[in-house]
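Asker: no FASTA, just this:
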């Protein structure tokens, strides 16, 4: 894992994220469906956590921990772990097959996977427990997580939000993949009182900011500049299906895989 103190290279970050998007698309050709839209929207978030924020430890381990609460977006976590040598190329080639170990949601016990997620609304509760355990055990480790804005509609998320601030867990850094879409369409038409979001988290005792979720440099600077006395929630504005024009903000791409012609067009757009 990587050093948050290293100088940030925006060109390297953009190159990594482009490669991750291409790899996600490659894997999409092996299975009839995967949650491609939500994986593409969270590319910069997961890239920044692993490559810019998590600190190196002994061997391949980091004192920091990452839990992908929005487990349906696991393909971005898988391709990043593959790029870091934690997962093998064959692991992704056998994704969602009887001979493979990687499923459509992350499973604890697989290399690099710290929690089984995908039942939305559970991830932040696990993160709170991990952060409290670090404090009790005097472990200087940050717990990072990425949530979907859909799972922020779950009551268990708000219970964990209240508990994290009540326990003053400044070692929690959470991101909302704020693409403002769920599987059936835009949130604004389904739950208009979901907004405003930043003010809700601040009212629950969190440090909370809203930023461009596709700007790796801004993501990094926001986390490194946090107060550290409260848990941090970063509301990261993203685009579902980011990087492929015909997928962007189109509900169908929450789950569907592109056909051969669509795949070719997507690769052409990514360059």
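Answerer: Now that the structure is in, tell me what you want to look at. For clarity, every value in this text was computed on a predicted model and none was experimentally measured. Numbers count the residues shown, from 1 in each chain.
Asker: for the residue nearest to residue 215 when sequence neighbours are not counted, grab phi and psi.
Answerer: Spatial nearest neighbour of residue 215, chain neighbours left out: residue 44 (7.1 Å); criterion: C-beta to C-beta, 6 or more residues apart in numbering. C-beta coordinates here come from the backbone N, C-alpha and C atoms, glycine included. Residue 44 adopts backbone torsions of phi -70, psi -30, taken as degrees, to the nearest 10.
Asker: quick check: residue 44 vs residue 130, distance?
Answerer: Computed as C-beta to C-beta, to the nearest Å, the residue 44 to residue 130 distance reads 24 Å.
Asker: before we move on, what about residue 177?
Answerer: Distance of residue 177 to residue 130, given as C-beta to C-beta: 20 Å.
Asker: neighbour-wise, which of those two wins?
Answerer: residue 177 (32 against 21; other C-beta atoms under 10 Å).
Asker: quick one, strands of the chain?
Answerer: 65-68, 143-148, 172-178, 181-182, 185-186, 207-212, 232-237 (DSSP state E).
Asker: quick one: strands adjacent to the first one?
Answerer: Meaning strand 65-68. Partners of strand 65-68 in the sheet, by DSSP bridges, are strand 143-148 (parallel).
Asker: repeat that for the fourth one.
Answerer: Within its sheet, and counting by DSSP bridges, strand 181-182 is paired with strand 185-186 (antiparallel).
Asker: repeat for the last one
Answerer: Strand pairing for strand 232-237, determined by DSSP bridges: strand 172-178 (parallel), strand 207-212 (parallel).
Asker: please identify the most buried of the ones you listed.
Answerer: Each of those was scored by mean neighbour count; the highest is strand 172-178, a mean of 27, by mean count of other C-beta atoms under 10 Å.
Asker: what's in contact with that one?
Answerer: Contacts of strand 172-178 with the rest of the structure, by C-beta atoms under 8 Å, 6 or more residues apart in numbering, involve 38, 41-42, 45, 49, 53, 70, 73, 124, 127-128, 131, 142-149, 152, 164, 197, 210, 213, 219, 223, 226, 231-238.
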